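Asker: model the structure of this input:
(one chain, ligands or ions: 1)
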Amino acid sequence: MSKTEKFKIRYLRFSDAREAADIYNSSLPSLSRNEPISQEKMEELIKRNDKRFFIGLFLNKRLVGHLLLIVKDGKSKVLDIGIVIHPEYQGRGLGLLLLRKAVDIAKIKGYKKILAEILEYNNNSISFFKKNGFRIVGESDRRITKNGREVRLLKCEYSLNKAR
Ligand SMILES: CC(C)(COP(=O)(O)OP(=O)(O)OC[C@H]1O[C@@H](n2cnc3c(N)ncnc32)[C@H](O)[C@@H]1OP(=O)(O)O)[C@@H](O)C(=O)NCCC(=O)NCCS
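Answerer: Sure, this is the predicted structure:
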């Protein structure tokens, strides 16, 4: 990101739904979901914000990526996250900005761990999370099929107890 570019991070609104869906759909091969998300479905996800929170990253007022936080009940104190950066904007440090936001929120809310589930062949994403302090701790029980083939979903975890 150059010095002249301005970024902003805020919760997504209904009016962001179409762009947010486009960003999500552009990364479909890297994500566990197979069907594209429609604008209407994205509006629903943005609205249903008791357990899920969508936070957007805006570069020069354009939505270029989002962070999904899934809040789980119980004592697990694990915050599930998903990050998607528009393909044209990947590899420029923007994913890290959203990851830092997730860590800040997790700290404030008293979470002990952050979990991202990554398709086993998603090497870019695995490098990204490992580089930023996550480690692979196992496999998800969820069964994912991509292009007719079963794919493992790796659990990538970040512990908030350690000093950074
Ligand atoms: C994974 C993802 C969120 C990372 O965001 P990003 O903005 O590209 O990552 P950053 O620029 O902050 O970090 C760059 C590092 O991430 C990795 N990386 C991830 N995607 C990359 C890409 N397309 N190009 C270059 N590096 C990439 C590399 O390890 C890179 O380190 P390097 O610069 O030393 O080589 C982004 O690539 C993405 O949206 N991927 C598709 C969706 C996805 O797989 N999400 C993860 C599921 S939760």
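Asker: what's stretch 19-34 in contact with?
Answerer: If you take CB atoms under 8 Å, 6 or more residues apart in numbering as the criterion, stretch 19-34 is touched by 12, 36-39, 41-42, 46, 54, 56, 62-66, 82, 84-87, 117, 119, 122, 124-125, 142, 144-146, 153. From N, CA and C alone the C-beta is placed, and that goes for glycine too.
Asker: chain center to that stretch: distance?
Answerer: Averaging C-alpha coordinates over stretch 19-34 and over its chain gives two centres that are 11 Å apart (CA atoms, centre = their mean, to the nearest Å).
Asker: quick one: it near the ligand?
Answerer: Yes. Looking at stretch 19-34 against the ligand by CB under 6 Å from any ligand atom, the contacts come from 27, 30.
Asker: what residues sit buried inside that stretch?
Answerer: Counting neighbours by 16 or more other CB atoms under 10 Å, one finds that the buried residues in stretch 19-34 are 19-21, 23-25, 27, 30-32.
Asker: okay, those in CSV with pLDDT, distance to Arg92 and secondary structure next?
Answerer: Supplementary listing: the buried residues of stretch 19-34 in CSV, determined by pLDDT from 0 to 100; distance: CB to CB, whole Å; DSSP: H, G, I helix; E, B strand; the rest coil:
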residue, pLDDT, distance to Arg92, secondary structure
Glu19, 98, 18, helix
Ala20, 98, 19, helix
Ala21, 98, 22, helix
Ile23, 98, 15, helix
Tyr24, 97, 19, helix
Asn25, 98, 21, helix
Ser27, 95, 15, coil
Ser30, 94, 17, helix
Leu31, 95, 20, coil
Ser32, 92, 24, coil
